[in-house]
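Q: Fold the stuff below for me.
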Amino acid sequence: QVQLVESGGGLVQPGGSLRLSCAASGFPIHYYAIGWFRQAPGQEREGVACISSDGSSAHYKDSMRGHATISRDNAKKTVYLEVDSLQPDDTGVYYCGVPVNEDCTLQATGSWGQGTQVTVSS
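A: Coordinates of the predicted model:
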C-alpha cells in the first residue's frame, strides 16, 4: 500500500525558507518519478516540482524556478523540496504525489499524501 507522509510546513515570514520532506513507503520508490504539488486557497492543486526516479533530472513550475530545489534520497525513501525567498503567493497545502508524468502531473492511478500547510505571512 502506497503511503506518503509530508512534513516540514509551517508559518514563515516573507523572504524566509522551508525544507519539506515526503517520506515514502509501501512501494519501490527508486522506480518512480515523484512530484510536489501545491493547492493554494480556492485554487486547484498544481504541480510545482518533479524529479525523475534516479534524481538525475527535475522539472519546475515557472514561478518556482530559481527559488526551489527538489531532491531525493532513495536510500532513505524520502523526497525533499527546499524553497527560499518565500512570498505570500507560495501559501498553500503542499502534497507529494507518485507516480508523475514528465509534465509534472499525477498519473491517473497515482497517490497523494495528506499534505503539509505552508503559510507565508508577516
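Q: and residue 96, what are its bridge partners?
A: For residue 96, the residues forming beta bridges with it (DSSP bridges) are residue 36.
Q: Check residue 106 too.
A: What pairs with residue 106, by the bridge criterion (DSSP bridges), is residue 100.
Q: Pull up the pairing partners for the helix or strand where residue 81 lies, direction included.
A: Using DSSP states H and E, residue 81 maps to strand 78-83. Within its sheet, and counting by DSSP bridges, strand 78-83 is paired with strand 18-25 (antiparallel), strand 68-73 (antiparallel).
Q: ok now the last one, how far from the chain's centre?
A: Going back to what we said before, that points to strand 68-73. A distance of 9 Å separates the C-alpha centroid of strand 68-73 from that of its chain, computed with C-alpha atoms, centre = their mean, to the nearest Å.
Q: which of the residues in it are buried?
A: Using 16 or more other C-beta atoms under 10 Å as the burial criterion, the residues of strand 68-73 that qualify are 68-70, 72. The way it works is simple: take the backbone N, C-alpha and C, and place the C-beta from them, glycine included.
Q: ditto for stretch 54-74
A: Along stretch 54-74, the positions that meet the burial threshold by neighbour count (16+ other C-beta under 10 Å) are 55, 58-61, 64, 68-70, 72.
Q: Would you tell me which one of those comes nearest to residue 28?
A: Of all the buried residues of stretch 54-74, the one sitting nearest residue 28 is residue 72; the distance, using C-beta to C-beta, is 13.2 Å.
Q: ok, the closest residue to that closest one other than its chain neighbours - contacts?
A: The shortest distance from residue 72 to any non-neighbouring residue, by C-beta to C-beta, 6 or more residues apart in numbering, is to residue 79 (4.5 Å). Residues in contact with residue 79 (C-beta atoms under 8 Å, 6 or more residues apart in numbering) are 21-22, 24, 34, 36, 51, 70-72, 96.
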